[in-house]
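Asks: Got a predicted structure plus its sequence, pasted below:
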Amino acid sequence: MSEQAAARPSKLPLRPQDEVECRRCEVHCDKVVYPGACAERGCPFLYSYEEFGHTYVGCMQNVFRVDIDFDLLRAAEARRGGFGAVRVTAPPLPLCHVEVESCYESRTDELGCVNPEFHELPVGEPSFRVFARIAS
């Protein structure tokens, strides 16, 4: 019974753009954030600490939950490809450099994405407004 419930797609949430992953179709999308951009932009939520002779940085808002060696991050950012992205673990903030990565794009069907609002990135306000017009 629980396997059948897990196989059934869940209802769309009220704000799908706040989710960090989407498994509503076979494509499997995840939001990723670029920690190098956090350091470059001087994000106020980036913390650092020294341990074992190295400086590590992380996110106070848990947008990503890994602590990264700052020297390695800077060295990677100096190269062509940069440090790269890490998986988002909490809803990203409007100042985060976030993208959506799809794992199995070849599994897309002819209808396309069943959850297009998931691809909307945070801008601090809802992505749409509903207006009601009452005729008298």
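Replies: Cool, the structure landed. Quantities reported herein were computed from a predicted structural model and do not represent experimental measurements. Numbering: from 1, shown residues only.

Asks: C-alpha from now on. contacts and neighbour counts both.
Replies: OK.

Asks: residue ranges with poor pLDDT in this structure?
Replies: Within the chain, the stretches with pLDDT under 70 are 1-18, 111, 115-136.

Asks: for this structure, what's the longest helix?
Replies: Longest among the helix segments of the chain by residue count, using DSSP state H, is helix 70-78.

Asks: Provide the strand pairings for the helix or strand that comes right after that one, with the direction of each partner.
Replies: Later in the chain than helix 70-78, the nearest helix or strand by DSSP states H and E is strand 86-87. Here strand 86-87 has these sheet partners by DSSP bridges: strand 29-33 (antiparallel).

Asks: For the next helix or strand after the partner strand, which outside residues touch it?
Replies: Later in the chain than strand 29-33, the nearest helix or strand by DSSP H and E is helix 35-41. Contacts of helix 35-41 with the rest of the structure, by CA atoms under 8 Å, 6 or more residues apart in numbering, involve 46, 73-74, 77, 82-86, 96-97.

Asks: Kindly recompute the last result at 7 Å.
Replies: Contact with helix 35-41 is made by 46, 73, 77, 83, 85, 96-97, as judged by CA atoms under 7 Å, 6 or more residues apart in numbering.

Asks: Report the buried members of these.
Replies: Burial by neighbour count, judged by 16 or more other CA atoms under 10 Å, picks out 73, 77, 83, 85, 96-97 from these.

Asks: wait, which of these is closest to Cys25?
Replies: The nearest member of the buried ones among the contacts of helix 35-41 to Cys25, counting by CA to CA, is Ala85 at 23.1 Å.

Asks: show me the residues around the nearest residue to that closest one once chain neighbours are set aside that make contact.
Replies: Excluding its sequence neighbours, the residue lying closest to Ala85 (CA to CA, 6 or more residues apart in numbering) is Tyr34, at 4.5 Å. With contacts defined as CA under 7 Å, 6+ apart, Tyr34 is in contact with 84-86, 97-98.
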